[in-house]
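**Q** With the input below, show me the fold.
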Amino acid sequence: MVAKRYLITGSSGFVGQHFIGFLEKQGNPVTVLGLDCQLASRQRAFKHVRFSFKKVDLQNFAKVKRTLGGFRPDYLLHLASFSSISFSWQHPQLSFQNNTSIFLNLLEAVRQLKLTTRILVVGSAEEYGRVNAANLPLRETFPLNPPSPYACAKVAQELLAKIYVQGFGLKIVLTRSFNHLGPGQKGVFAIPSFARQLISFKKRHRSHGQLVAGNLSSVRDFVDVRDVVRAYDLLLKRGRNGEVYNVCSGTGTPLKGILEKMAGLCGVKVTVKVDARLIRPTDVPVTIGYPGKLKKLGWAPTISLEKSLRDVLASWASSDG
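**A** All right, here's what the predicted structure looks like:
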């Protein structure tokens, strides 16, 4: 059996590392080429994954085309982006230009090389923007109303993908992925930030602490990253060309409730200091998705929110961060 070839952009990031780990657990021989601006800080030894890494500036079209032409992937998982919404408010031009241009370079390389690669482009629930509570949960057919520069770039990415499907016949499946969590996520995001601060209190043997946070009234639909990568692999193989799929749980949880649960698991009482810098100019109060379309392909989340939170806390407890 010829090993399938996966090209993963953003391979050193949170989701990229979990996706490679998922492929390893499947036990089938696969070849993976990871592209990123830097190699992951912790390298794993693989038995089933033949992994190689290439440092590539995805804004350099010539290098992108040369890389894809040499590797000729069966599957392309596009994860690379400036993924922080806060960063997109601070640097809107850089965020938008980067996230759209690198995607367009990948599509053009696949088109010009006449590759038959199946591509999964990862979008965001942020594309939906603010909606009336009566219209929840969010479905793929709902109109898009991006509330941030980051979300605008994701909508542009989605429109470009549809053009390349309809006009050039590329094989592209799209997601609108909702908030995900799990071990290994950077501390700039809400839940790992809570974990980092709570574990810091515990390591200093403090039963009380003041925790810095943003808007805790937001309600979000969280999915464990290990369930997310299962969805991505399924969509690469069975997703319908040109279609968009919500990757979500269908359940909304307030960030305040998440923090209270994590503090309880740590045995720490906290008071919250709100940092205005962590509050977005146009925050969406409630985001809950409908996962029915993805479930029809055979996917369902398997990891409970409590297990996810326990694993996040354990990850920070064992780190030097």
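
**Q** Helix or strand, whichever it is, which one in the chain has the lowest mean pLDDT?
**A** helix 85-90 (a mean of 86; mean pLDDT, DSSP states H and E).

**Q** what does it contact?
**A** 82, 95-96, 126, 148-151, 153, 188, 278, 280-281 (Cβ atoms under 8 Å, 6 or more residues apart in numbering). Heads up, the C-betas are built off the backbone N, CA and C, glycines and all.

**Q** just the residues you listed: which has the poorest pLDDT?
**A** By pLDDT, Arg280 ranks lowest within the contacts of helix 85-90, coming in at 65.

**Q** neighbours of Val284, just the number please.
**A** 20 (other Cβ atoms under 10 Å).

**Q** tell me the secondary structure for it?
**A** Secondary structure state of Val284, per DSSP: H, G, I helix; E, B strand; the rest coil, is coil.

**Q** quick one: contacts for it?
**A** Contacts of Val284 (Cβ under 8 Å, 6+ apart): 126, 128-130, 147, 218.

**Q** Among those residues, name the buried ones.
**A** 126, 128-129, 147, 218 (16 or more other Cβ atoms under 10 Å).

**Q** dump the residue contacts of Leu113.
**A** 65, 68-69, 72.

**Q** mind putting the residues you listed in JSON lines, neighbour count included?
**A** Output for the contacts of Leu113, formatted as JSON lines (neighbours: other Cβ atoms under 10 Å):
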{"residue": "Lys65", "neighbour count": "17"}
{"residue": "Leu68", "neighbour count": "24"}
{"residue": "Gly69", "neighbour count": "13"}
{"residue": "Arg72", "neighbour count": "12"}
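
**Q** tell me which of these is nearest to Asp311?
**A** Leu68 (34.8 Å; Cβ to Cβ).

**Q** which stretch of helix or strand covers the spatially closest residue to the closest one that is not a sequence neighbour?
**A** Spatial nearest neighbour of Leu68, chain neighbours left out: Ala109 (4.6 Å); criterion: Cβ to Cβ, 6 or more residues apart in numbering. Assigned by DSSP states H and E, Ala109 falls within helix 92-113.

**Q** So which other helices or strands are in contact with the next helix or strand along the chain from that helix?
**A** Next helix or strand after helix 92-113 toward the C-terminus (DSSP H and E): strand 118-124. Applying 3 or more Cβ pairs under 8 Å, 6 or more residues apart in numbering; DSSP states H and E, we find strand 118-124 packed against strand 75-78, helix 92-113, helix 149-168, strand 171-177, helix 225-238.

**Q** Neighbouring strands - and their directions - for the shortest one?
**A** Read that as strand 75-78. Using DSSP bridges, the strands paired with strand 75-78 are strand 4-9 (parallel), strand 118-124 (parallel).

**Q** Just the residues contacting stretch 235-243, thanks.
**A** Residues from elsewhere that reach stretch 235-243, judged by Cβ under 8 Å, 6+ apart: 75, 77, 118, 120, 140, 161-162, 165-166, 171-175, 245, 293-294, 297-298.
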